[in-house]
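Chemist: Sequence and predicted model, in that order:
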Amino acid sequence: MTATPAVDAPASIGGPSPVDHRGSWVPNGRMIATRFMELRKRRGLMIALILVTIGIPTVFLVIRLLLHAFAPKTYGPAGGYDIFTALVPGVLYVFGFIVAAALGCTAGTVDLTEGMFRHLVVTGRSRLALYLARIPAGLAIILPLVAIGFTVVCAVCVFAAPTQLSYQNVTVPAGLSHSAFDTWAGDHADEVLCGIGYRFTGNGPSPEMNAVFNSVCGNGPGGPGFKVAPGGVTTPVASPAEIRATAITVADQNYTDYSHHFLSPSNSLMIKTGLWIELEATVGFVVGLGLGSLLGQRTVAVIIMVILELVLTPIVSRAHLAHLINLQRSVVGLAVDHLEPSALGFVFGGGGGPGGGNGTSQLVPETTGQAVLVIALWLVVWTAIGAWRMMTRDA
């Protein structure tokens, strides 16, 4: 009797079967690239983003360049420190947040509006991964656009900056030290005394100082040796030494304000400002993404985000309500405003600029640590809300 040898089961070809990562909550590169292409193919949205983030500042600066080129005596230089501190918080900051929020709301609702949500679910992919993939995909679109617009502003403000500093309508050398500014004022007493303001204390100017101002800004240097005041009282003309000393006094009082005026923005200011507006765009996108996912409607979500930026944040930032102070500090717009570089103007008007953060001092008080904590909580909470809504939505 012949025995039949046992036949082993065939070994699996190619080794062990690959692990299925579709259920992982961590998005992979292909998922992020797909979400990126999903947003980029929306031509209307992309055109709007480019026009707002790059087009508005570019058109404004090109017009200023042309006006200065054709009529330099009528229109000042296109760039400079003043243009930078006005354009960045007034345009790039506010509109950067709005377009970032619009992109986030679109990313949070695109699957529902295009009827693709059910098809994504049946693939077995983790819903959490599908949501998280939208964050780097959207940021990869909005952050470069904001950076390009900001680069255009920086380039014009630096290379087309004025060559002379106009301080209170008086042409003054830029970047002088305190002693150098006083020396310059003594050598240009006429311009300082008649052009730069001086805040008198007490009962007003002393007779000696009054004589100096009357001599220089009234008769002027080189005039008659005395002036007949009302009532027939003769006021002697101040001596050159008194005129020089008074001009130095005026310059000494104004030096702190003068020291915050520059021909063009510094490298450190541009770097800090660029990071600040990128942070604002990031907050706008992440919050808009979570809100869009929660509501499932892009239009309503965009309207709410615009109201948050243009209506609620300015009111909360300026109104000092003692009983609601902690609630006001919880608004993300106020927290981001507190991180604004001190040399910029207040984003909602009413101060700031060369004064070194006067606008920020008008905000509801909040420490830097509190501001950072509020921003982090908004990013985490709205990401959690948006992801939760996507994971629990019926397919």
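Modeler: Received, thanks. Numbering: from 1, shown residues only.
Chemist: does the residue nearest to residue 74 when sequence neighbours are not counted sit in a helix or strand, and which one?
Modeler: Across the structure, with C-beta to C-beta, 6 or more residues apart in numbering as the measure, the residue nearest residue 74 apart from its sequence neighbours is residue 67 (7.7 Å). For the C-beta atoms, the positions are set from N, CA and C on the backbone; glycine is no exception. Taking DSSP states H and E as the criterion, the element that holds residue 67 is helix 56-70.
Chemist: after that helix, next one along is what?
Modeler: Remark: after helix 56-70, the chain's next helix or strand is helix 81-87, criterion DSSP H and E.
Chemist: moving C-terminal of that next one, what's the next helix or strand?
Modeler: Following the chain from helix 81-87 toward its C-terminal end, the next helix or strand by DSSP H and E is helix 93-113.
Chemist: Centre of the chain to that following helix, how far?
Modeler: 18 Å (C-alpha atoms, centre = their mean, to the nearest Å).
Chemist: now that helix against helix 56-70, angle please.
Modeler: With axes from the mean of the first three to the mean of the last three C-alpha atoms, to 10 degrees as the criterion, the two stretches helix 93-113 and helix 56-70 enclose an angle of 140 degrees.
Chemist: Show me what helix 93-113 is packed against.
Modeler: Contacting helix 93-113 under the criterion 3 or more C-beta pairs under 8 Å, 6 or more residues apart in numbering; DSSP states H and E are the following elements: helix 29-40, helix 43-50, helix 134-159, helix 267-295, helix 298-307.
Chemist: so which of those helices gets nearest residue 384?
Modeler: Each of the helices and strands packed on helix 93-113 was checked against residue 384 via C-beta to C-beta, and the shortest separation belongs to helix 267-295, namely 7.9 Å.
Chemist: average pLDDT for the closest one?
Modeler: Rounded to a whole number, the mean pLDDT of helix 267-295 is 94.
Chemist: buried residues in that helix?
Modeler: Within helix 267-295, the residues that qualify as buried by neighbour count (16 or more other C-beta atoms under 10 Å) are 269-270, 272-274, 276-278, 280-295.
Chemist: What helices and strands are in contact with it?
Modeler: helix 93-113, helix 134-159, helix 298-307, helix 332-338, helix 368-392.
Chemist: Apply 10 Å and report the result again.
Modeler: Applying 3 or more C-beta pairs under 10 Å, 6 or more residues apart in numbering; DSSP states H and E, one finds that helix 267-295 makes contact with helix 81-87, helix 93-113, helix 127-132, helix 134-159, helix 298-307, helix 332-338, helix 368-392.
Chemist: got the angle between it and helix 368-392?
Modeler: 30 degrees.
Chemist: next one: stretch 151-160 to chain centre, how far?
Modeler: With C-alpha atoms, centre = their mean as the basis, stretch 151-160 stands 15 Å off its chain's centre.
Chemist: Dump it to CSV, restricted to CA.
Modeler: Listed in CSV are the C-alpha atoms of stretch 151-160, where the atom choice follows Å, rounded to 0.1, in the frame of the first residue of the first chain:
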residue,chain,number,x,y,z
THR,A,151,6.1,90.8,0.2
VAL,A,152,4.8,93.3,-2.5
VAL,A,153,4.0,95.8,0.3
CYS,A,154,7.4,95.4,1.9
ALA,A,155,9.3,95.7,-1.4
VAL,A,156,7.5,99.0,-2.3
CYS,A,157,7.7,100.4,1.2
VAL,A,158,11.5,99.8,1.3
PHE,A,159,12.6,100.6,-2.3
ALA,A,160,10.2,103.5,-2.9
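Chemist: Now do the buried residues in it.
Modeler: Neighbour-count burial for stretch 151-160, counted by 16+ other C-beta under 10 Å, picks out 152, 153, 154, 156, 157, 158, 160.
Chemist: pLDDT weak spots in the protein?
Modeler: Within the chain, the set of residues satisfying pLDDT under 70 comprises 1-23, 25, 113-124, 202-205, 218-237, 345-361, 394-395.
Chemist: So it: which segments form each domain?
Modeler: In terms of domains, the chain is parsed into 29-163+263-392, 173-258 (source: automatic domain parsing).
Chemist: Out of these, which one sits most buried?
Modeler: Per-stretch averages of neighbours, counted by mean count of other C-beta atoms under 10 Å, single out domain 29-163+263-392 among the domains of the chain, with a mean of 18.
Chemist: and that domain, how far apart are its ends?
Modeler: One end of domain 29-163+263-392 to the other measures 24 Å (C-alpha to C-alpha, to the nearest Å).
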